[in-house]
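> Quick one, what's the 3D model for this:
(one chain, ligands or ions: 1)
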Amino acid sequence: MKQGSRTFAVFGNPVAHSLSPLMIGGAFREMKIDASYRAFRVEAARDIPLKMEELDMSGASITIPHKTAVMPYLDTISDSAARIGAVNTITRVNGSLGGDNTDWTGLVRPLKEALGIRGKRFAVLGAGGAARAAVYGIFNEGGTPLIVNRTAQRGEAVAREFGCDFLPLEEAGRITADCLINTTPVGMFPHMDETPVGADLLERVPWVMDTVYNPLQTKLLKDAAGAGCRTIAGIAMFVHQGAEQIRIWTGMEPPTSLMDRIVREKLSDDTD
Ligand code: NAP
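This next block holds a predicted model:
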């Protein structure tokens with residue numbers, strides 16, 4: 001590991017409201033790691049390697065809209081990030097930039113803990129970066145994903161690429177699955193009264209996970225609980241994707257309970 005204080009950051013646009021500096025900075029302090037973690041808004045992905053070089057950074061988190069656009073500027077890319085087509089983690093060692101994806105591990109971990117993945121069927125709402133991470137992770141753990149998307153062309157293309165089934169969103173009533181996972185932004189702050197599927201469908205699904213984590217309890221999760229489903233909130237994915245980044249950068253085990261508490265308290269404050 002590099003000697004002296006290490007510098008990390010999250011790059012995105014917008015990025016001012018990112019909870020990563022609070023969560024990962026808090027974890028570093030608890031772990032007694034001498035490191036700073038800040039947020040940088042960058043217009044273009046090509047600015048990310050330049051800034052990392054300029055500040056001699058050890059690593060970075062990448063968020064919307066740069067997760068795919070940054071890939072051509074990296075020296076190496078992990079198999080999982082290449083397959084998902086998105087990098088959310090960069091590690092810089094001796095000036096060389098390595099890209100990884102921890103969104104899929106962040107999503108898989110709470111699913112494994114809650115209901116298990118092997119042999120189970122998962123309906124994934126959406127066909128963007130988060131959906132691709134979900135489909136990759138579910139296949140990797142021996143589950144069967146079904147893509148359900150608003151735009152058929154995009155959903156079909158992703159389904160073909162990964163070798164799974166596709167259903168248009170307007171036919172969501174036909175879903176049969178052990179767990180429904182929302183990877184669309186529907187229901188995210190400030191549109192908290194929106195939900196991607198009708199409550200009638202939820203009565204037939206035992207588990208519902210939302211990847212949206214602001215608010216902590218989305219309308220989808222509230223509807224699901226009302227319909228008798230068991231639920232997994234998006235904060236679990238957010239905490240575990242960040243925890244995996246810390247493992248990659250430091251080789252040390254991060255304090256996930258503290259990280260969960262930091263994010264939970266911040267989001268609870270914001271809704272007061
Ligand atoms: P993305 O690439 O833009 O994909 C968004 C997907 O949502 C698309 O398939 C889009 O469908 C669908 N969609 C958007 N608006 C919709 C609507 N009104 N009705 C139905 N479908 C709609 O975005 P992404 O990178 O996958 O991120 C999606 C969300 O995942 C984020 O907003 C975030 O909340 C969540 N996320 C959470 C974590 C975490 O750590 N918890 C990490 C990553 C992402 P079309 O193809 O029809 O446009």
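> Report whether stretch 204-213 contacts the ligand.
Yes - using Cβ under 6 Å from any ligand atom, stretch 204-213 comes into contact with the ligand via Thr211, Val212, Tyr213. Backbone N, C-alpha and C define where each C-beta goes, glycine included.
> Please disregard the earlier target; I meant stretch 110-123.
No - using Cβ under 6 Å from any ligand atom, stretch 110-123 stays clear of the ligand, coming no nearer than 9.8 Å.
> Just send the residues of stretch 204-213 next to the ligand back as a markdown table, with secondary structure, distance to Ala159 and pLDDT too.
A markdown table is the format used below for those (DSSP: H, G, I helix; E, B strand; the rest coil; distance: Cβ to Cβ, whole Å; pLDDT from 0 to 100):
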| residue | secondary structure | distance to Ala159 | pLDDT |
| --- | --- | --- | --- |
| Thr211 | coil | 19 | 97 |
| Val212 | coil | 22 | 97 |
| Tyr213 | coil | 26 | 95 |
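> can you put the residues you listed in CSV and add distance to Pro254?
Shown next, in CSV, are the residues of stretch 204-213 next to the ligand (distance: Cβ to Cβ, whole Å):
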residue, distance to Pro254
Thr211, 20
Val212, 23
Tyr213, 17
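> From Pro255, how far off is the residue nearest to Val186 when sequence neighbours are not counted?
Closest residue in space to Val186, ignoring its immediate chain neighbours: Pro196 at 4.3 Å, by Cβ to Cβ, 6 or more residues apart in numbering. The gap separating Pro196 from Pro255 is 33 Å, by Cβ to Cβ, to the nearest Å.
> Check Asp269 too.
20 Å.
> Please compare the two by neighbour count and tell me which comes out ahead.
The neighbour comparison of Asp269 against Pro255 (other Cβ atoms under 10 Å) goes to Pro255, with 18 against 8.
> Quick check: pLDDT value at the more buried one.
Here the pLDDT value assigned to Pro255 is 98.
> For it, which residues are in contact?
Taking Cβ atoms under 8 Å, 6 or more residues apart in numbering, we find Pro255 in contact with Ala27, Glu30, Met31.
> just Ile24 next, same as before
Phe8, Tyr37, Ser61, Gly242, Gln245, Ile246, Met259.
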